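Peer 1: let's see this in three dimensions:
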Amino acid sequence: MEKNTLLHPESPLPEDERDGTLRPRLLAEFIGQDILKANLADYISAARGRGESLDHVFLSGPPGLGKTTLARIIAAEMGVEFIETSAPALDKPKDLVGILTNLKPKSVFFIDEIHRLKPAIEEMLYIAMEDYALDWVIGQGPAARTMRLPIPPFTLAGATTKAGMVTSPLISRFGILCHLSLYEKADIQAIISRSAAIMNIVVEDAAAQKLAACSRFTPRITNRLLRRMRDFAQVKKLPAVTLSVIEEGLRRLEIDELGLERLDREILSMIIERYGGGPVGAENLAISVGESVDTLEDFYEPFLIQAGLIQRTSRGRMVTALAYKHLGLSAGTADGLLWR
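Peer 2: Residues are numbered from 1 along each chain as shown. As a prediction, the model looks like this:
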């Protein structure tokens, strides 16, 4: 099927059925994070050369940058099984025991949100990571005894958006530390080109540049926006995603030239309007905008700080002069704050 026919309304597109294919499967397909990739390639090559499992990998960074994807790639490059779970799903020690005792040798065991592990499960992981064994208590009271269960050598890949909440004893047991940072604009444009090719759509160069500038330098957001722009182009019966489609689409999604969404601007406006530019505590700010503190700190604040629009201080959050400029205000102005 030709590229432009996919955008024709008479050619049905199952909604995002190709989304799974947007994830790169090998390091060579992974765009950006060049130093991290180069180091991982050497670690993997060395481990395979020795016939050993890869050392445990700790992946940290803001959401949407590819931590889970990298964990999958590690397993693919090592040619081993990939087992995935999240820390909240590991409710009791027996949950962890069941997974670890059924692992195949050299498997990659991925735990997302590893900062949320319960203490009892985390302590079991210490022995598993170092000695490839589990201490399991059998019986109760005076008859209780500890039995050590051997488990096959494996690679624990732990991912978190809150590295500071992971305990030092746990972090110290990871041999490979990988921090993913926000992507460069050129890398985001390359991701747009790759995703567009996989989705079999055409994106004009000017449109790709505009989309990259509004994507928060985050691949997950980039691909989400690209899919929505594809929808707008399809409805307009256009053979390609053009600059005008991007501009109208961003307006309809209430996303501005910096990539700020409506709630981002509301956060800035709230700090200025109700709190005189700050400082204001995270809990008060979260209540004011109707979001949870975790959502505010994990999703919205990182980019606002990275963009230089707010700063954290010991007394709370404050907007910067750049925030006033972006909202078209002078310092001290509290009129016309919400973007329309």
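Peer 1: helix or strand next in line after the helix or strand where residue 225 lies, which one?
Peer 2: Applying DSSP states H and E as the criterion places residue 225 in helix 219-235. Sequence order places helix 243-252 as the next helix or strand after helix 219-235, per DSSP H and E.
Peer 1: and that following helix, what does it pack onto?
Peer 2: Helix 243-252 is packed against helix 205-213, helix 219-235, with contacts defined by 3 or more C-beta pairs under 8 Å, 6 or more residues apart in numbering; DSSP states H and E. Every C-beta, even on glycine, is put in place using the N, C-alpha and C of the backbone.
Peer 1: could you point out which element follows it?
Peer 2: helix 262-275.
Peer 1: and that next one, average pLDDT?
Peer 2: Regarding helix 262-275, the rounded mean pLDDT is 88.
Peer 1: for residue 83, see how far away residue 152 is.
Peer 2: 12 Å (C-beta to C-beta, to the nearest Å).
Peer 1: quickly list what's touching both of these two.
Peer 2: Among the neighbours of residue 152, those also in contact with residue 83 (C-beta atoms under 8 Å, 6 or more residues apart in numbering) are 103, 107.
Peer 1: and stretch 47-67, C-alpha only, in CSV?
Peer 2: C-alpha atoms of stretch 47-67 as CSV (Å, rounded to 0.1, in the frame of the first residue of the first chain):
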residue,chain,number,x,y,z
ALA,A,47,29.0,-10.2,28.9
ARG,A,48,28.1,-12.3,25.8
GLY,A,49,31.8,-13.0,25.1
ARG,A,50,32.2,-14.4,28.6
GLY,A,51,28.9,-16.3,28.4
GLU,A,52,27.6,-14.6,31.5
SER,A,53,24.5,-12.7,32.4
LEU,A,54,24.8,-8.9,32.2
ASP,A,55,25.3,-7.0,35.4
HIS,A,56,22.3,-5.5,37.0
VAL,A,57,21.1,-2.3,35.3
PHE,A,58,19.5,0.8,37.0
LEU,A,59,17.6,3.0,34.6
SER,A,60,16.5,6.5,35.8
GLY,A,61,15.1,9.6,34.2
PRO,A,62,11.8,11.4,33.4
PRO,A,63,8.9,9.4,32.1
GLY,A,64,8.6,8.7,28.4
LEU,A,65,12.3,8.6,27.5
GLY,A,66,12.6,4.9,26.9
LYS,A,67,13.6,3.1,30.1
